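Peer 1: what's the 3D shape of this:
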Amino acid sequence: MLPGVIGVMMATEAIKILLDIGKPLIGRLLVYDSLAMRFREFNINRSKDWLIGQPHPEIKALLPDYEAYADMDHPAEDAAD
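Peer 2: Reported below is the predicted structural model:
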């Protein structure tokens, strides 16, 4: 049931943006507690250092140990398992 609830809310947000109606959750985070049947809403602000949405985003560095972070020590063995 939970994936259906979240899916309907996501579809509703997409429709609001595409049709330019209502007030979409831009700049807000909606948290759904299914056990308590409660919604909480938080305002969020975009960081000035956030690259997504900038005119020319640029990746300046990867994580220090990206292979370990991505568990790429033995990718072929992992794929076979």
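Peer 1: any idea of the pLDDT on the nearest residue to Asn45 once chain neighbours are set aside?
Peer 2: Leaving aside its sequence neighbours, Asn45 sits nearest to Gly27 (C-beta to C-beta, 6 or more residues apart in numbering; 7.3 Å). C-beta coordinates here come from the backbone N, C-alpha and C atoms, glycine included. According to the prediction, Gly27 has pLDDT 88.
Peer 1: now swap in the one 5 residues further on and tell me
Peer 2: Note for Tyr32: predicted pLDDT of 91.
Peer 1: what bridges to it?
Peer 2: Phe39 (DSSP bridges).
Peer 1: what's the burial count for it?
Peer 2: 13 (other C-beta atoms under 10 Å).
Peer 1: now for it: which residues touch it?
Peer 2: Going by C-beta atoms under 8 Å, 6 or more residues apart in numbering, Tyr32 touches Val5, Ile6, Met9, Arg38, Phe39.
Peer 1: next, count neighbours for the residue nearest to Asn45.
Peer 2: 10.
Peer 1: now the strands for the protein?
Peer 2: 28-33, 38-43 (DSSP state E).
Peer 1: can you tell me which of these is most buried?
Peer 2: Each of those was scored by mean neighbour count; the highest is strand 28-33, a mean of 11, by mean count of other C-beta atoms under 10 Å.
Peer 1: which residues touch Lys16?
Peer 2: Lys16 neighbours (C-beta under 8 Å, 6+ apart): Gly22, Lys23, Pro24.
Peer 1: how close does the first one get to Gly4?
Peer 2: The reference is to Gly22. 21 Å (C-beta to C-beta, to the nearest Å).
Peer 1: let's see if you can find the most crowded of the contacts of Lys16.
Peer 2: In terms of neighbour count, Pro24 stands highest of those at 15 neighbours, by other C-beta under 10 Å.
Peer 1: pLDDT score assigned to the closest residue to that one other than its chain neighbours?
Peer 2: Once flanking residues are discounted, Pro24 sits nearest to Lys16: 4.5 Å by C-beta to C-beta, 6+ apart. With respect to pLDDT, Lys16 scores 96.
Peer 1: how long is stretch 15-25 from one end to the other?
Peer 2: Start-to-end span of stretch 15-25 (C-alpha to C-alpha, to the nearest Å) is 12 Å.
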